[in-house]
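1. Attaching a predicted model along with its sequence, questions to come.
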Amino acid sequence: MAVKKDSTRSTTATPAIEVTDLTVAYGERPVLWDVDLTVPPGTLMAIVGPNGAGKTTMIKAILGLLPIAAGQVLIYGLPYSEQRQLVGYVPQRGSVDWDFPTSVLDVVTMGRYGALGWFRRPGRSERALALDALAQVGMTDYADRQISQLSGGQQQRTFLARALVQDAQVYFMDEPFQGVDATTERAIVDLLKSLRAAGKTVVVVHHDLQTVPEYFDWVTLLNVRRVASGPVDEVFTDENLRQTYGGRVGFLTRNGNGDSNGNGHGHSQHSPATVVNQPAGDRRDGTSR
C-alpha cells in the first residue's frame, strides 16, 4: 500500500518520541553523546550512519535495554516504562536463536503476551490475531513450520508479524531489510507504509542510503552525535551526509550517473548516495551500530 510522503506535521501534537540529552557510554568511551530527537506521530523514519555510529544503541537505550549515562526518553509525553504497551520492537535477526524448537505461529502469538499479562494464556482470539498478522506478511502457509526451517526473509516476516500483533503505536525496527530478497524487501516497505498510513510511528535502522528518499519521509543522520533529523526533503543533503560519514560518500544521481537530466555531470541534492571505505562486515553485538 503506497503512502504519499507528507512532511507537514502538526507542531502542537505531543511527539511520539522525544529524546533529550541522551548519552550512552561503555566505560570511558561514549557511544551516543548528548542526542536530542523529536519524532512526530505518523512518521516513517530511517536512522542512518556509519558502522559504530550508535544506531542500534540508540534504539536499545530508548527501550530501556541498555543503561544510559544521562538523558530522558518520552513516548507520547510519558516515560517509556509507563508506555511499554504502546511500543513494538523488531530486533536484528542475528540476535535470535532460530534453532529454538517452536513454530512460526507460536512466535507470532508471543506478541500478545504483553497484553495478556503474567497469568493469562493465549486462546482462540490471540491465535486469530496471530493468523491475521501472518496473512498480512504473506506467511499463512508457514504457520506450523518450525522457525529453524525458515529462510532469512521468512524469519524477518515472522518478526514483523509478531510486532503487528502487538497493535502498537510506535515501532522500532533494527535493520529489517538485512539479508532479505527483493520480493521480501518490497513487502516490508509496503507494510511499513501501511503502518504509517494508519497513524503509527515507525523508526527503522537502515543502511542503504540509495533507498532513503523512496522508503522514508523522515531521516535521522547519526554518528555518535545527531548530525541532523527531519523530513527527508530538508535534511538528506550532501552536506549532512558528508558530516555524518566523514566525507566518505560518493554521490549518484537519480538516473545512476551524471545529473538528474542525464547530462553526465552535476548532482541532485536528494539523489541516492553510496558509502565507500566503510569497515567491512556487520557487527553482531548490537552495541554500537
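-> Perfect, I can see it now. Bear in mind that the values here come from a model prediction, so they are computed numbers and not experimental data. Numbering: from 1, shown residues only.
2. can you map out the strands along the stretch 51-200 of the chain?
-> When secondary structure is read from DSSP state E, counting those that start in this stretch, the stretch 51-200 of the chain shows strands at 70-75, 78-79, 87-90, 170-174.
3. what residues are up against the residue nearest the centre of the chain?
-> Residue closest to the average C-alpha location in the chain (CA atoms, centre = their mean): residue 204, at 1.4 Å. For residue 204, the contact set (CB atoms under 8 Å, 6 or more residues apart in numbering) comprises 44-47, 173, 175-176, 192, 216. All C-beta atoms are positioned from the backbone trio N, CA, C, and that covers glycine.
4. Identify each buried residue in stretch 27-35, please.
-> Of the residues in stretch 27-35, those buried by neighbour count under the rule 16 or more other CB atoms under 10 Å are 31-33, 35.
5. now swap in stretch 138-148 and tell me
-> Burial within stretch 138-148, assessed by neighbour count using 16+ other CB under 10 Å, is assigned to 138-139, 142-143, 147.
6. cool, and stretch 61-79?
-> Neighbour counts using 16+ other CB under 10 Å place 61-63, 66, 68, 71, 73-76 of stretch 61-79 among the buried residues.
7. circling back to that earlier point, quick one, which of the strands of the stretch 51-200 of the chain is nearest to residue 220?
-> For the strands of the stretch 51-200 of the chain, distance to residue 220 was read as CB to CB. The smallest value, 12.4 Å, belongs to strand 170-174.
8. Quick check: neighbours of that closest one in the sheet, parallel or antiparallel?
-> Sheet pairing for strand 170-174, assigned by DSSP bridges, gives strand 87-90 (parallel), strand 201-205 (parallel).
9. Now do the first one: distance to the chain's middle.
-> Once both centres are worked out by CA atoms, centre = their mean, to the nearest Å, strand 87-90 turns out to sit 9 Å from its chain's centre.
10. Ok, stretch 48-60 next?
-> 11 Å.
11. who touches residue 109 in this structure?
-> For residue 109, counting by CB under 8 Å, 6+ apart, the contacting residues are 122, 126-127, 130, 165.
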